[in-house]
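A.B. asks: next one to model:
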Amino acid sequence: MARRRSSGVLTILAEAQRQQARQQEAQRRAAVAAQRQYEREQREAQRAAAQGQKEALRAYQQGREADAARRTAELDERVATLRGVLQSGLGGPVFALANLQRPAVVPPFDPGPLGVPVPVPDQTRYLVPPLTGLQAMNPTARRQYDEQAAHARARFEQDWHAAQAADQQRRQQLDRYRAQYEAWAADRRRAATGHAEQAVRLAAELQSGSAAAVAEFFETALGWREDWPEGFPQDCVTAWDEAAGQLVVDWRLPGFEVVPETARYRYVKSTDQEAEVARSATERKAVYREVLAQCALRVLAELFLADADGRLASVVFNGYVEAVDPATGREEQRYLVSVAVERAVFGAVALDRVEAIDCLVDGLQGRLSARPEKPEAVRTERLAEAVGSFGADGSDEDPDLFEMDPLEFERLLAELFRRLGYQTRTTERSGDDGVDVIAENPDPITGGLFVIQAKRYRKTVSPTAVRDLDATMAHFGANKGILVTTSGFGPGSRRWVEGKPLTLIDGPMLVQLLKENGLPGRLGPATLSLPAQNVPAHNTPAQAAPAGAAAPAGEPVLLTPGANVVLPAAELAELTVRFGSAGAEADLTLLLLTADGTVRGDEDFVFYHQPGAERGAVVLHPRQSAGGEGTTESAAVRLLALPAAVHRVAVSVNMDTDTGASCAELLGATLEVRGAAGSAWAFRPPADPAVSAMLVAELYRHRAGTPDEVWKLRAVGQGWSDGLAGLARAHGVQVS
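C.D. replies: Modelled structure (predicted):
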């Protein structure tokens, strides 16, 4: 009995131990299962995070690529804007004084993105998912959860403070922007008030015929438009030549940097960097030349459109950039574009269909720098500063070269040679090694360095000065030396320079060159006449002709480049066209042209081998000596005998290209046109070293085929570098 009772107790104890062991095993298995579940969830989270990182990386790279494409599109848009300078200007409003009297248009304040508050971070996005029942029993899982929750709270607090700081910065920027807007609006209202006052004053001064008011009117018209591309300056100087009906504009052009150096942007994934693809130098130069030509055409268009009263007979446009002279380190103006154009000629151009460069250079006979990126200058037609600036004392007389300040005299010579096509600079009073002006011809073939000495003497220059110039030229390594004086040279000096690269310019020749290039200067008192040395016998002093003026009988009226006059009906029966030069011989040539500017056939080409056309309507006479002062050649033109198909008679001269002579050797050249009743007009063409054939002037029908048809005479003075062949080809003559 005792044994059975003892056995029952042991059984109970053993069962209790087994149950306890089973419970412990179940707890262990549950903990292991929970750990495995947690690890499984962690792996799923890590897998999801990795996938998210890939998508984030892909989105980041796509964003970088899109940003590169956007910036490339901005470059393309910028270049398109540059190429559309002319077209964008053609559709704009036309300037009138009434525009200045309109009230200021001030748009309301627009804060833009600054008006949107910075959003506060959403706290719910920072919450960490709570642990499940089994996860909460795991100490490791609990510790990791607490760490994640602490990090989430820290991120939220950091982002919240960052958002508060960003919004405060936004409010400060908004306040500054609003203050800038208020200042801008106030300036705009004040400017409108000033413009209205300016309009009233200008209207009164224009009525009085003030030349300064005319120049200010057109300068205001050019500065009124605000639709020029960003970075384009609108600085200009205008001058009004009332006698010629000509406005001269010196306009500041944008620099070469206006054309982007970068062609496109490219994102490189391997290095996570944005690379710039450079625009070719050839493309940049082509775009820049097109921009310069379009600027010139647009300015001309705006001026003629603004001229509702028809004041402008012609306009001279000179476009320049500010550039550093590598020799002196000083900034100077380099002229890259120059053109003179008449109203009728420009009005016949369809600007909405032209190629800008072709129109400027070929259609309007303008000059455009071949290498504007350098920047390489061109010869200007006429600068604004030279209009109405004769006589610093306020008189209309040319300054006496004998009395001129030495530095002013040197600057005058520098300007003369600049207009002759050279890049010039003056030297200082001391340390100049005997050189007053340095001139450089940029042409790579015929160019070079010239040294110029000035001698303001009243007596003959001694041969010693000429020999010193020879030594100075060698010292500088110059290609040529030029000695300029207000007096003259003796036989010894002239013999010394024979066969040497030396040129002597005496007083009369200097005055003639100054006059030819629109510069002031006389020798001695204004009441004294100049010596006739180096001037053709028929080249008498004359006054500048106003546009459309008739000439008085006897003394010829002097025409400026681009000027034109109406020929009175009494003069048309027979015109005598005479050309003379004290320098190299030139052949007079006349072409009978149709309305499109070409000959009908070779029979319309009148020159030394074919001296007549249209049964004696145009007859070329043999060349004559001018009594030791050069040669003259003349022609008779009977305008009334010309058929209706002939709209123009082009009067040209050409040098002998076999000798290498250029129009620079036409010293004291003058074209004179004298009518049947005695009225006469004269034009002194420029001594241009770049051409060997020149269209000096033309007789043309104005309002052809209408009851108001008249014949006019226009002074031109532009030409071709390849001589007679270029002249012929340009007017439709077949050259074999």
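
A.B. asks: next SSE downstream of the host helix or strand of Q294?
C.D. replies: Q294 is part of helix 281-306 when elements are defined by DSSP states H and E. Later in the chain than helix 281-306, the nearest helix or strand by DSSP H and E is strand 314-324.

A.B. asks: now the helix or strand where R170 lies: mean pLDDT?
C.D. replies: Under the assignment given by DSSP H and E, the secondary-structure element containing R170 is helix 139-207. Mean pLDDT, helix 139-207: 79.

A.B. asks: and that helix, what does it pack against?
C.D. replies: With contacts defined as 3 or more C-beta pairs under 8 Å, 6 or more residues apart in numbering; DSSP states H and E, the secondary structure elements packing on helix 139-207 are helix 2-83, helix 97-100, helix 133-136, helix 211-224. For glycine as for every other residue, the C-beta is placed from the backbone atoms N, C-alpha and C.

A.B. asks: worst average pLDDT in the ones you listed?
C.D. replies: helix 97-100 (a mean of 62).

A.B. asks: how near is the nearest residue to K515 once chain neighbours are set aside to A693?
C.D. replies: Nearest non-adjacent residue to K515, counting by C-beta to C-beta, 6 or more residues apart in numbering: R684, 6.3 Å away. In this structure, R684 lies at 17 Å from A693, with C-beta to C-beta, to the nearest Å as the measure.

A.B. asks: same check on A211?
C.D. replies: When C-beta to C-beta is applied, the distance between A211 and A693 equals 36 Å.

A.B. asks: more neighbours: which of those two?
C.D. replies: Using other C-beta atoms under 10 Å as the criterion, A211 and A693 rank with A693 on top: 25 against 15.

A.B. asks: and the residue nearest to the more buried one when sequence neighbours are not counted, bridged to which residues?
C.D. replies: What sits nearest to A693 in space, not counting adjacent residues and going by C-beta to C-beta, 6+ apart, is N654, at 3.8 Å. Listed beta-bridge partners, N654: D587, A693 (assigned using DSSP bridges).

A.B. asks: with A715 instead?
C.D. replies: Applying DSSP bridges to A715 yields these beta-bridge partners: A697.

A.B. asks: which residues touch it?
C.D. replies: Under the criterion of C-beta atoms under 8 Å, 6 or more residues apart in numbering, the contact partners of A715 comprise 559-564, 683, 685, 696-697.

A.B. asks: of those residues, which pair is most distant in space?
C.D. replies: For these, the farthest-apart pair by C-beta to C-beta is N564 and P685; their separation is 15.1 Å.

A.B. asks: relative to T632, which of the helices and strands packed on helix 139-207 is closest?
C.D. replies: Each of the helices and strands packed on helix 139-207 has some distance to T632 by C-beta to C-beta; the shortest is helix 211-224, at 36.5 Å.

A.B. asks: need the next SSE after the closest one, C-terminal direction.
C.D. replies: Later in the chain than helix 211-224, the nearest helix or strand by DSSP H and E is strand 236-241.

A.B. asks: what packs against the next helix or strand after that following strand?
C.D. replies: Towards the C-terminus, the helix or strand next in line after strand 236-241, according to DSSP H and E, is strand 246-252. When contacts are defined as 3+ C-beta pairs under 8 Å, 6+ apart, strand 246-252 sits against helix 211-224, strand 236-241, helix 281-306, strand 314-324.

A.B. asks: orientation of the first one relative to strand 246-252 in degrees?
C.D. replies: In other words, helix 211-224. For the pair helix 211-224 and strand 246-252, the angle between their directions (axes from the mean of the first three to the mean of the last three C-alpha atoms, to 10 degrees) equals 40 degrees.

A.B. asks: off-centre distance for helix 211-224?
C.D. replies: Per C-alpha atoms, centre = their mean, to the nearest Å, the displacement of helix 211-224 from the mean C-alpha position of its chain is 20 Å.

A.B. asks: what of the last one?
C.D. replies: Using C-alpha atoms, centre = their mean, the mean C-alpha position of strand 314-324 is found 7 Å from that of the whole chain.

A.B. asks: and for the longest one?
C.D. replies: Centroid separation between helix 281-306 and its chain, computed with C-alpha atoms, centre = their mean, is 6 Å.

A.B. asks: could you give the average pLDDT over it?
C.D. replies: Here helix 281-306 scores 94 as its mean pLDDT.

A.B. asks: any buried residues in that helix, and which?
C.D. replies: Judged by neighbour count using 16 or more other C-beta atoms under 10 Å, the buried positions of helix 281-306 are 284-285, 287-306.

A.B. asks: which residues touch L727?
C.D. replies: The neighbours of L727, taking C-beta under 8 Å, 6+ apart as the test, are 589, 591, 652, 654, 693, 695, 719-720.

A.B. asks: can you pull the contacts of the residue nearest to G115 when sequence neighbours are not counted?
C.D. replies: Counting by C-beta to C-beta, 6+ apart, L174 is the residue found nearest to G115 once chain neighbours are left out, at 7.0 Å. For L174, the contacting residues are 111, 114-115, taking C-beta under 8 Å, 6+ apart as the criterion.

A.B. asks: where's the dip in pLDDT among those residues?
C.D. replies: Scanning the contacts of L174 for pLDDT, the smallest score is found at L114, 82.

A.B. asks: count of neighbours near it?
C.D. replies: L114 has 16 nearby residues by other C-beta under 10 Å.

A.B. asks: returning to what we had before: surely the residue nearest to A693 touches V696?
C.D. replies: No. Counting by C-beta atoms under 8 Å, V696 is not a contact partner of N654; they are 10.4 Å apart.

A.B. asks: so between the two, which is more surrounded?
C.D. replies: Applying other C-beta under 10 Å to N654 and V696 shows that V696 carries more neighbours, namely 27 against 24.

A.B. asks: SS state for E274?
C.D. replies: When states are read from DSSP: H, G, I helix; E, B strand; the rest coil, the local structure at E274 comes out as strand.

A.B. asks: burial count for D122?
C.D. replies: 10.

A.B. asks: same check, this time on G63
C.D. replies: Close neighbours of G63, defined as other C-beta under 10 Å, add up to 11.

A.B. asks: that one and V277: what is the separation?
C.D. replies: Per C-beta to C-beta, G63 is found 20 Å from V277.

A.B. asks: likewise for P463?
C.D. replies: According to C-beta to C-beta, P463 stands 64 Å off from V277.
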